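> no sequence on this one, just coordinates:
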């Protein structure tokens, strides 16, 4: 989903590689640069935070994942760095959620902070959401409904960008000492955002299936660096998987994700394989996983993951092996991703069954 813009904001470093005649053509086409900003904001799916280890980033995957784990409270940290050889993307997320019981009702609440740094550190995206969910037990099944509400801020570092009217013909370089005049332009964009999600899970013995659907930007906020009414369309997420117990010492967990935003589509499919070292309520185990990320027509990446569970902790490291058309431009460098999770044991007598221990 995080594709390079067809027409994007160009940084000073990138402009230095452009020959002077091309720069002059840009100067004569200032409207083209304005269109680039509008398109960059319009291709908003490129700005939405996403992780290859989506199953370890529950609060950014689906609001219904709030509290959807076995324990009292949980702290999650996800870090991702993609395309280090070219204009890199760095993504960071930290989330916290915990259980809340009211008589026979099971609620949960939490918060998540997401940060995206793109285009050679020129575009900063920060999101903060409060999250809540209600879980309904029906026999060995659980239905969860979740909501999120928060604020999104996007900021352009003008010191790392160059505009056509900042080109100095004498020196043949761009200089920030020359003021730029972009009518209606703002370096900040801030708006309220809301998300909603639904999940179903059950325990069927050797199988523990789960399904989820979520809609992001349900309020269709207005997002633009210019004084325009650019509306952010909803992003739809469908995900599912199941834990398959082969023996007391071994299980595997296939997972799938489908995301659709405007005309862009992303799919991740694969499975992890876990060997249990010991299981005295708190599982000690090691695992590995293999996943593919693609669109309908393009094979984007092969994701290889290793990790383990020890007492309260879960850690996972993955690498995205770039298989897309950007392979040569990125010098075969993909993306690293690290997830670290801490879960506290529940002090509540278990009246509710939550089979989604993966999250």
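In hand now; what should we look at? Since the structure is predicted, the reported quantities are computational estimates derived from the model, not experimental observations.
> Grab the nearest non-local neighbour of residue 308.
For residue 308, ignoring the flanking residues on the chain, the nearest one in space by Cβ to Cβ, 6 or more residues apart in numbering is residue 286 at 4.5 Å. In this view, the C-beta of every residue, glycine as well, is placed from N, C-alpha and C.
> Could you please name the strands the helix or strand hosting that neighbour pairs with and the direction of each pair?
Residue 286 is part of strand 282-294 when elements are defined by DSSP states H and E. Partner strands for strand 282-294, per DSSP bridges, with pairing direction: strand 264-280 (antiparallel), strand 299-310 (antiparallel).
> buried stuff in the helix or strand just after the shortest one?
Right, strand 299-310. Next along the chain after strand 299-310, taking DSSP H and E as the criterion, comes strand 313-322. The neighbour-count criterion (16 or more other Cβ atoms under 10 Å) identifies 314, 315, 316, 318, 319, 320, 322 as the buried residues of strand 313-322.
> same deal with stretch 186-206?
Here stretch 186-206 shows 189, 193, 194, 195, 196, 197, 198, 199, 200, 201, 202, 203 as buried, counting by 16+ other Cβ under 10 Å.
> Those in strands, which ones?
Mapping the buried residues of stretch 186-206 onto strands (DSSP state E) picks out 189, 193, 194, 195, 196, 197, 198, 199, 200, 201, 202.
> Contact partners for residue 305?
With contact taken as Cβ atoms under 8 Å, 6 or more residues apart in numbering, residue 305 is in contact with 52, 53, 272, 287, 288, 289, 290, 291, 316, 317, 318.
> Repeat the analysis, applying 6 Å as the threshold.
For residue 305, the contacting residues are 289, 316, 318, by Cβ atoms under 6 Å, 6 or more residues apart in numbering.
> Dig out what the second one forms beta bridges with.
The reference is to residue 316. Checking residue 316 by DSSP bridges, which sets the bridge assignment, gives partners residue 307, residue 339.
> State the distance from it to residue 61.
Using Cβ to Cβ, to the nearest Å, one gets 15 Å for the distance from residue 316 to residue 61.
> again with residue 225
28 Å.
> Quick check, residue 307 in contact with residue 315.
Yes. Using Cβ atoms under 6 Å, residue 307 is in contact with residue 315, at 5.4 Å.
> Does anything pack onto whatever helix or strand residue 113 lives in? Which helices or strands?
Following DSSP H and E, one finds residue 113 within strand 105-118. Identification of packing neighbours for strand 105-118 by 3 or more Cβ pairs under 6 Å, 6 or more residues apart in numbering; DSSP states H and E yields strand 89-102, strand 123-138.
> Identify whichever of the ones you listed lies nearest to residue 295.
Ranking the helices and strands packed on strand 105-118 by their distance to residue 295 (criterion: Cβ to Cβ) puts strand 89-102 first, at 17.5 Å.
> Just give me the residue closest to the centre of this structure.
For the chain, the residue whose C-alpha lies nearest the mean C-alpha position (Cα atoms, centre = their mean) is residue 50; its distance is 1.8 Å.
> Need the helices and strands packed on strand 105-118 in a markdown table (columns: mean neighbour count and distance to residue 152).
Putting the helices and strands packed on strand 105-118 into a markdown table (neighbours: other Cβ atoms under 10 Å; distance: least, Cβ to Cβ, whole Å) gives the following:
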| stretch | mean neighbour count | distance to residue 152 |
| --- | --- | --- |
| strand 89-102 | 18 | 14 |
| strand 123-138 | 18 | 5 |
